[in-house]
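Peer 1: sequence first, predicted coordinates after that:
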Amino acid sequence: MMNFKQAASAFLMAAALLTVTSTYAEQVTPLMLKATAAATSPNAANFVPAAPDLAVKSYVLIDGVNGQVLTEKNAHEKVPPASLTKMMTLYVISNALKSGKITLDSPVTVSERAWRTGGSRMFIKVGTKVPVNDLLQGIIVASGNDACVALAEQVAGTEEAFADLMNQTAKALGMKNSHFVDSTGLPNPQHYSTAYDMALLGRALINDFPEYYAWYKQKWYSFNGIKQPNRNRLLWRDDAVDGIKTGHTDDAGFCLVASAKKGDSRLIAAVMGSKSEDSRANDTEALLNYGFHFFESHKLFSANTAISQPRVYLGKDKSADMGIANDLIIILPTGKLKEIKATMVIDKELKAPIVKGNSYGTVKVMLGDKEIASRPLVALKDNPQGGLWSRLCDRLSITFHRWFG
């Protein structure tokens, strides 16, 4: 049987130190591994400069895989989101598609209210029927306010009811400092969000609805003979950038949430309140470049591989293989892997039956005193109850340990 140290060492990076601890019945046992001399010696390649000093209201750069914040400025300050609002509109509509409430081919009748909505448009005509597919691209690429209202009315009956769906969705996604009153982001003092919440929303769009994400890197869209460009200039500058959304009003300034993927790493930057269309592209590009140049991706644990084998009472087997459902990949400042500590907190007195896929604990990853990732620790196979004699012995063992520690 694989012992604890063997299980842990199978997942450590070469030339790094990873401290793994496990909690069984509130007992912690550390396993220390050796770091190489290179990991403890000064190395200019491992130096990380301060984040870019950007002349914006707020910004944040997060890891698109686990949501870890890499750097930020006023990331939780409430600001007008302008057309970044449409990311939430698109999320709610994508949810409606996923649930089957609408389809990409569903015809949407354009109301007079939708047709009259000011600001950026895709130029749909009142009384016509436009497929959801076209309206979605009109929002993503052309930032059409008219398309937002048309789809909001289709999904919820009225834009006001749709805004209520937006706020319920924001709460479910953990967007604690956002409130929406419309589907477009037109100025309203009761309509606000934050750089962090917008980055969180961008990550949710990518991860929850990958089937629609290809549209977010689309550079042009034509409708009714009118060809409009995507306002995200980074799509023309950097092939790694594949979305997401721009925004601008006089109150909000120029805003951009952009995502880029290189190898296994995905970064999402949200910039709020840049001074111009040029500067918002430059500011966002600077953040993404900073992230890719001075942070590195590490796979700490592989999916469906045992990283712990805790004792199981009353079971056919006396232990259970525990692991995680998906690879645990984190992004760290260059040279910081040696400072990572992973802790496995396992439920006290595990008793059979153990069911494959059920969670029986948590893997937590710490950098110093900051938690940067956590995953449920799940059973990798079933462990049914053992025979009568085996269960009797285990019950005596439980009683003994409770009495005598």
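Peer 2: Right, received. Where do you want to start?
Peer 1: name the helix or strand for Asn289, please.
Peer 2: helix 277-294 (DSSP states H and E).
Peer 1: next SSE downstream of that helix?
Peer 2: strand 295-301.
Peer 1: show residues contacting the helix holding Asn289.
Peer 2: Contacts to helix 277-294, defined as C-beta atoms under 8 Å, 6 or more residues apart in numbering, come from residues 48-49, 51-52, 54-56, 59, 61, 70-71, 231-234, 237-238, 240-241, 246, 248, 253-256, 258, 260, 262, 265, 267, 269, 271, 274, 331, 333-334. Quick note: C-beta positions are derived from backbone N, CA and C, even for glycine.
Peer 1: can I get it in CSV, CA atoms only?
Peer 2: The C-alpha trace of helix 277-294 is given here as CSV (Å, rounded to 0.1, in the frame of the first residue of the first chain):
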residue,chain,number,x,y,z
GLU,A,277,-9.6,54.0,-26.0
ASP,A,278,-5.9,53.8,-26.6
SER,A,279,-4.9,53.9,-23.0
ARG,A,280,-7.4,51.2,-21.9
ALA,A,281,-5.8,48.8,-24.4
ASN,A,282,-2.3,49.8,-23.3
ASP,A,283,-3.2,49.5,-19.6
THR,A,284,-4.8,46.1,-20.0
GLU,A,285,-1.9,44.8,-22.2
ALA,A,286,0.6,45.9,-19.6
LEU,A,287,-1.3,43.9,-16.9
LEU,A,288,-1.4,40.8,-19.0
ASN,A,289,2.2,41.1,-20.0
TYR,A,290,3.2,41.5,-16.3
GLY,A,291,1.3,38.4,-15.4
PHE,A,292,2.7,36.2,-18.1
HIS,A,293,6.3,37.5,-17.7
PHE,A,294,6.6,37.3,-13.9
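Peer 1: now do the same contact list for Thr249.
Peer 2: Thr249 neighbours (C-beta under 8 Å, 6+ apart): Pro80, Ala82, Ser83, Gly185, Leu186, Pro187.
Peer 1: swap the cut-off to 10 Å and go again
Peer 2: If you count contacts by C-beta atoms under 10 Å, 6 or more residues apart in numbering, Thr249 has them with Pro80, Pro81, Ala82, Ser83, Gly119, Gly185, Leu186, Pro187, Cys255.
Peer 1: quick one: contacts for the fifth one?
Peer 2: For Gly119, the contacting residues are 82-83, 143-146, 148, 184-187, 248-249, by C-beta under 10 Å, 6+ apart.
Peer 1: quick one: secondary structure of Ile329?
Peer 2: strand (DSSP: H, G, I helix; E, B strand; the rest coil).
Peer 1: what's the closest of the contacts of Gly119 to Thr158?
Peer 2: Closest approach between the contacts of Gly119 and Thr158, by C-beta to C-beta: Cys148, at 13.0 Å.
Peer 1: on that earlier part again, quick check: ChimeraX command selecting the buried ones in the contacts of Gly119.
Peer 2: Only the buried entries of the contacts of Gly119 go into this ChimeraX selection, using 16 or more other C-beta atoms under 10 Å:
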select :82,83,143,144,145,146,148,184,185,186,248,249
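Peer 1: rewinding a little: and the contacts of helix 277-294, which are buried?
Peer 2: 51-52, 54, 56, 59, 61, 70-71, 231-234, 240-241, 246, 248, 253-256, 258, 260, 265, 267, 269, 271, 274, 331, 333.
Peer 1: low pLDDT regions in the protein?
Peer 2: Applying pLDDT under 70 to the chain flags residues 1-45, 390-392, 394, 398, 400-402, 404-405.
Peer 1: where do the helices sit along it?
Peer 2: For the chain, the helices defined by DSSP state H cover 4-9, 37-40, 85-99, 112-116, 132-140, 145-156, 159-173, 195-208, 234-237, 277-294, 388-404.
Peer 1: helices and strands around the fifth one, which ones?
Peer 2: Going back to what we said before, that points to helix 132-140. Where contact means 3 or more C-beta pairs under 10 Å, 6 or more residues apart in numbering; DSSP states H and E, helix 132-140 is packed against helix 85-99, strand 107-109, helix 145-156, strand 220-223, strand 241-249.
Peer 1: mind listing what's buried along that helix?
Peer 2: Val132, Asp134, Leu135, Leu136, Gln137, Gly138, Ile139, Ile140.
Peer 1: mind putting those in CSV, distance to Leu97 included?
Peer 2: Putting the buried residues of helix 132-140 into CSV (distance: C-beta to C-beta, whole Å) gives the following:
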residue, distance to Leu97
Val132, 7
Asp134, 14
Leu135, 12
Leu136, 9
Gln137, 13
Gly138, 15
Ile139, 13
Ile140, 14
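Peer 1: what about the residue lying closest to Asp264 once chain neighbours are set aside, distance to Pro333?
Peer 2: Closest residue to Asp264 apart from its sequence neighbours, by C-beta to C-beta, 6 or more residues apart in numbering: Ser297 at 5.2 Å. With distances taken as C-beta to C-beta, to the nearest Å, Ser297 is found 12 Å from Pro333.
Peer 1: next one: Arg266
Peer 2: 17 Å.
Peer 1: and what of Thr169?
Peer 2: 33 Å.
Peer 1: pull stretch 241-257 out as PDB, backbone CA atoms only.
Peer 2: Taking Å, rounded to 0.1, in the frame of the first residue of the first chain, the C-alpha atoms of stretch 241-257 are listed here in PDB:
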ATOM      1  CA  VAL A 241      -6.100  37.500 -26.300                       C
ATOM      2  CA  ASP A 242      -9.400  35.900 -27.100                       C
ATOM      3  CA  GLY A 243     -12.000  38.200 -25.500                       C
ATOM      4  CA  ILE A 244     -13.900  39.600 -23.600                       C
ATOM      5  CA  LYS A 245     -15.700  43.000 -23.500                       C
ATOM      6  CA  THR A 246     -15.200  46.800 -23.600                       C
ATOM      7  CA  GLY A 247     -17.200  49.600 -22.100                       C
ATOM      8  CA  HIS A 248     -17.300  53.400 -22.100                       C
ATOM      9  CA  THR A 249     -19.400  56.300 -20.800                       C
ATOM     10  CA  ASP A 250     -18.400  59.700 -19.600                       C
ATOM     11  CA  ASP A 251     -18.800  58.700 -16.000                       C
ATOM     12  CA  ALA A 252     -17.100  55.300 -16.300                       C
ATOM     13  CA  GLY A 253     -14.300  56.300 -18.500                       C
ATOM     14  CA  PHE A 254     -12.900  53.600 -20.800                       C
ATOM     15  CA  CYS A 255     -13.100  50.100 -19.400                       C
ATOM     16  CA  LEU A 256     -12.000  46.700 -20.600                       C
ATOM     17  CA  VAL A 257     -12.100  43.100 -19.400                       C
END
